[in-house]
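Asker: what shape does this take:
(one chain, ligands or ions: 1)
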Amino acid sequence: MSEREPMHVDGDTLEGGGQILRVSSALSCILGKPIHVTKIRAGRPKPGLRPQHLMGLSTLRDLCGGRLVGAEINSCEVTLYPGQIQGGSHRADTQTAGSVCLMVQSTLPCILFAARPSALTLRGGTNVSHAPQIDYTTTVFKPFAEKFGIKFDCDVRIRGYEPKGGGELVLSTAPVRNLEPITVTERGDITKIYGRAYVAGVLPIKMAKDAAATALRKLKQEFRDINVNISAVQEPRQGAFGNGNGIIVFAETSTGCIFAGDALGRRGVTPEQLGTNAAEMLLSNIRHGGCVDEHLQDQIIIFMALAKGTSRVLTGPITLHTQTAIHFSEAMTPARFTVSKTESQLPNADAYIIECQGMGASNPNI
Ligand SMILES: Nc1ncnc2c1ncn2[C@@H]1O[C@H](COP(=O)(O)OP(=O)(O)OP(=O)(O)O)[C@@H](O)[C@H]1O
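Answerer: Next comes the predicted model:
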């Protein structure tokens, strides 16, 4: 195990949220560099480690036989001494509605550089706020990740919602030698729009139907000639834990770009509002003229940094999450990013190119 002097990671930098932990701890494991993270989630109303951050960190420690110091709920400071990433079967349970999709964000990059295939059983929330819904991970993130040569399966066994959690998915993947650079700069035309509005537990299917109908109406106003298909789904009893409702809508382009908009049910928000919010989010993600939506943007930065060669991606306005991911990727790896404003084929577009000279991380086990 490496016991070199840990690199300092200031958790109050830029976005100041949990993403700093996920990016820096994943890179720490892959590169074998210890990190000392301070001021964890200083930018959040309740700073410190929440259950999903703690589970994410301890799963990484277990995957690589490393050592964690100071890893407790609410802790604002933690040190990770990584070992060698072994992979294999592991279980992690947030015991809350902590997002399993965010655990995928921190663990997937590591298990790609493991010695053997991995299967991680992750328990918590699958469709919760301030995180990708699992449908986003499987429909938007997964096909994009494949461009880097990443193949993974996400078997959603039980869906879990706020506040109880109780969801479960199995993330499995085989190691890669290195990641391929990507060029995603052709936005194309919107060819289809689809989605799902859902209810689980005791909530009536009418809520899903109303959310779907409102989103469909709103999207049809803008895309008269395009097929829009949003289904209303009652999650099967054995496939969902507790009550929950929400909606997620996707738009696909002729060049294979996929954008999303979503909303989650909560007290005081009508199904119609959910439908409107999800449709508006999708429309704003379509209008900027980029090839990725506001959320995919930050989620691909770590893979661009690790890839072997130059990647280029056309995006909308750069988010603070993306700036944060770039900041820590550059601080921890030799990868270098540039961001420049560019023309897009759409009128009133606000598009940028993120270019990255990737470090070409290679898996020592393959
Ligand atoms: N609606 C959404 N669809 C897809 N991805 C999302 C959505 N909302 C948030 N995300 C993604 O989830 C991640 C959230 O990171 P962030 O640092 O805010 O989270 P966190 O770990 O919950 O930390 P904190 O609690 O400190 O905010 C980002 O990658 C963001 O792009």
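Asker: name the nearest residue to residue 134, sequence neighbours excluded.
Answerer: Leaving out its chain neighbours, the residue that sits closest to residue 134 by Cβ to Cβ, 6 or more residues apart in numbering is residue 126, at 4.1 Å. Where C-beta positions appear, they are placed from N, C-alpha and C, glycine not excepted.
Asker: could you do residue 361 as well?
Answerer: Of all residues not flanking residue 361 in the chain, residue 306 sits nearest, at 4.4 Å (Cβ to Cβ, 6+ apart).
Asker: for that neighbour, give me its contacts.
Answerer: By Cβ atoms under 8 Å, 6 or more residues apart in numbering, the contact list for residue 306 reads 30, 109, 178, 179, 333, 335, 358, 359, 361.
Asker: same question, residue 70
Answerer: 77, 78, 79 are the contacts of residue 70 under Cβ under 8 Å, 6+ apart.
Asker: likewise for residue 123?
Answerer: Per Cβ under 8 Å, 6+ apart, neighbours of residue 123: 91, 92, 93, 94, 95, 100, 160, 165, 166, 167, 168.
Asker: tell me the one of the residues you listed nearest residue 62?
Answerer: Residue 62 has its nearest neighbour among these in residue 92, at 8.3 Å by Cβ to Cβ.
Asker: quick check: closest non-adjacent residue to whatever residue of the chain ends up closest to the ligand.
Answerer: Using Cβ to the nearest ligand atom, the single residue of the chain nearest to the ligand is residue 18, 2.2 Å away. Leaving aside its sequence neighbours, residue 18 sits nearest to residue 53 (Cβ to Cβ, 6+ apart; 5.1 Å).
Asker: isn't that neighbour up against residue 17?
Answerer: No - contact between residue 53 and residue 17 fails when scored by Cβ atoms under 8 Å: they sit 9.6 Å apart.
Asker: mind listing the shared neighbours of the two?
Answerer: Common neighbours of residue 53 and residue 17 (Cβ under 8 Å, 6+ apart) are residue 41.
Asker: neighbour count: the two, which is higher?
Answerer: residue 53 (26 against 20; other Cβ atoms under 10 Å).
Asker: element containing residue 169, please.
Answerer: strand 167-173 (DSSP states H and E).
Asker: in that strand, which residues are buried?
Answerer: 167, 168, 169, 171, 172, 173 (16 or more other Cβ atoms under 10 Å).
Asker: can you list the residues of the stretch 1-150 of the chain near the ligand?
Answerer: Residues of the stretch 1-150 of the chain lying close to the ligand by Cβ under 6 Å from any ligand atom are 15, 17, 18, 19, 41, 44, 102, 130, 131, 132, 136.
Asker: before we move on, back to that, so what strands line up beside the strand holding residue 169?
Answerer: strand 118-124 (antiparallel), strand 152-160 (antiparallel) (DSSP bridges).
Asker: turn the ones you listed into CSV, columns for mean pLDDT.
Answerer: Formatted as CSV, these follow (pLDDT from 0 to 100):
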stretch, mean pLDDT
strand 118-124, 98
strand 152-160, 98
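Asker: deepest of those strands, which one?
Answerer: Mean neighbours per residue, mean count of other Cβ atoms under 10 Å, is largest over those for strand 118-124, with a mean of 23.
Asker: what is the mean pLDDT for the helix or strand following that one?
Answerer: Sequence-wise, the next helix or strand downstream of strand 118-124 (DSSP H and E) is helix 134-136. Average pLDDT, helix 134-136: 98.
Asker: packing partners for the helix or strand following helix 134-136?
Answerer: Of the helices and strands lying after helix 134-136 in sequence (DSSP H and E), the nearest is helix 142-146. Judged by 3 or more Cβ pairs under 8 Å, 6 or more residues apart in numbering; DSSP states H and E, the packing partners of helix 142-146 are strand 152-160.
Asker: and stretch 160-175, C-alpha only, in PDB?
Answerer: Taking Å, rounded to 0.1, in the frame of the first residue of the first chain, the C-alpha atoms of stretch 160-175 are listed here in PDB:
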ATOM      1  CA  GLY A 160     -35.900   3.300  -4.300                       C
ATOM      2  CA  TYR A 161     -37.100   6.800  -3.600                       C
ATOM      3  CA  GLU A 162     -36.800   9.600  -1.000                       C
ATOM      4  CA  PRO A 163     -37.000   9.400   1.900                       C
ATOM      5  CA  LYS A 164     -36.700   5.600   2.500                       C
ATOM      6  CA  GLY A 165     -34.300   4.500  -0.200                       C
ATOM      7  CA  GLY A 166     -34.300   0.700  -0.300                       C
ATOM      8  CA  GLY A 167     -33.400   0.400  -4.000                       C
ATOM      9  CA  GLU A 168     -30.800  -1.900  -5.300                       C
ATOM     10  CA  LEU A 169     -28.800  -2.200  -8.500                       C
ATOM     11  CA  VAL A 170     -25.900  -4.300  -9.600                       C
ATOM     12  CA  LEU A 171     -23.100  -2.600 -11.500                       C
ATOM     13  CA  SER A 172     -20.900  -4.900 -13.400                       C
ATOM     14  CA  THR A 173     -18.000  -4.400 -15.700                       C
ATOM     15  CA  ALA A 174     -14.800  -5.900 -17.000                       C
ATOM     16  CA  PRO A 175     -11.500  -4.100 -16.800                       C
END
